[in-house]
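Asker: Only the shape, not the letters, is given here:
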């Protein structure tokens, strides 16, 4: 991993990415449920996760260069956790699309802030390995997230058997979104104390 700081940043990305995949699966499940399994509704939600990339993909890095990267990542994690916690109360497609759109914007800001931070906490000769590990954290977590989402159905059924919890909505989707929110908060905790400088390019 090259340094302890990068390892902590990588752990933050692993946790955040796992939560992101769990949240995406849960959002698509909600979209299917509230639209009576309409493929068009699910596609619309997916579109809301794709469209922001066309606008922020090029300007995100420029914007991050002018800001404190650590604070940006923490703010994005806390913002995503807050948005995810709103989703169990959303029962219409428009609200689902808007929150999905906002989540993707925060994710697209978190990513460049993380990428711009890596050269400050690893040696130049280790950047290729660091980038490879970052890709693993982004995409290799999907199978694990799928397993977690499946297991949450069992947990939801178990919790639903308790009379004391009958007044609360305990289902697979709500639990998944709760786990998702927790992963973002854990990621923010890891990032908060990282020695990442304010924006600006390397001078050495």
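Answerer: That came through, no problem. Keep in mind the model is a prediction, meaning the values are calculated, not measured. Numbers count the residues shown, from 1 in each chain.

Asker: quick one: which helix or strand includes residue 180?
Answerer: Using DSSP states H and E, residue 180 sits within helix 172-192.

Asker: list the buried ones in that helix?
Answerer: By neighbour count on 16 or more other C-beta atoms under 10 Å, the buried set for helix 172-192 is 172-181, 183-188, 190-191. Heads up, the C-betas are built off the backbone N, CA and C, glycines and all.

Asker: With stretch 141-159 instead?
Answerer: Within stretch 141-159, judged by 16+ other C-beta under 10 Å, the buried ones are 141-142, 145, 148-149, 152, 156, 159.

Asker: one step back: what does the helix holding residue 180 rub up against?
Answerer: With contacts defined as C-beta atoms under 8 Å, 6 or more residues apart in numbering, helix 172-192 is touched by 8-9, 11-13, 15-16, 18-20, 22-23, 25-26, 29-30, 33, 70, 73-74, 77-78, 80-82, 84-85, 87-88, 148-149, 152-153, 155-156, 159.

Asker: Buried subset of those residues as a ChimeraX selection?
Answerer: Selection of buried members from those for ChimeraX, criterion 16+ other C-beta under 10 Å:
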select :8,9,11,12,13,15,16,18,19,20,22,23,25,26,29,30,70,73,74,77,78,80,81,84,85,87,88,148,149,152,156,159
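
Asker: What about the contacts of helix 172-192, which are in helices?
Answerer: Taking DSSP state H as the definition of helices, those contribute 8-9, 11-13, 15-16, 18-20, 22-23, 25-26, 29-30, 33, 70, 73-74, 77-78, 80-82, 84-85, 148-149, 152-153, 155-156, 159.

Asker: Where does the prediction get shaky in the chain?
Answerer: Residue ranges of the chain with pLDDT under 70: 1-2, 56-63, 160-170, 197-204.

Asker: before we move on, back to that, what's the angle from the helix holding residue 180 to helix 69-86?
Answerer: 170 degrees (axes from the mean of the first three to the mean of the last three C-alpha atoms, to 10 degrees).

Asker: where's residue 40 relative to residue 147, distance?
Answerer: 29 Å (C-beta to C-beta, to the nearest Å).
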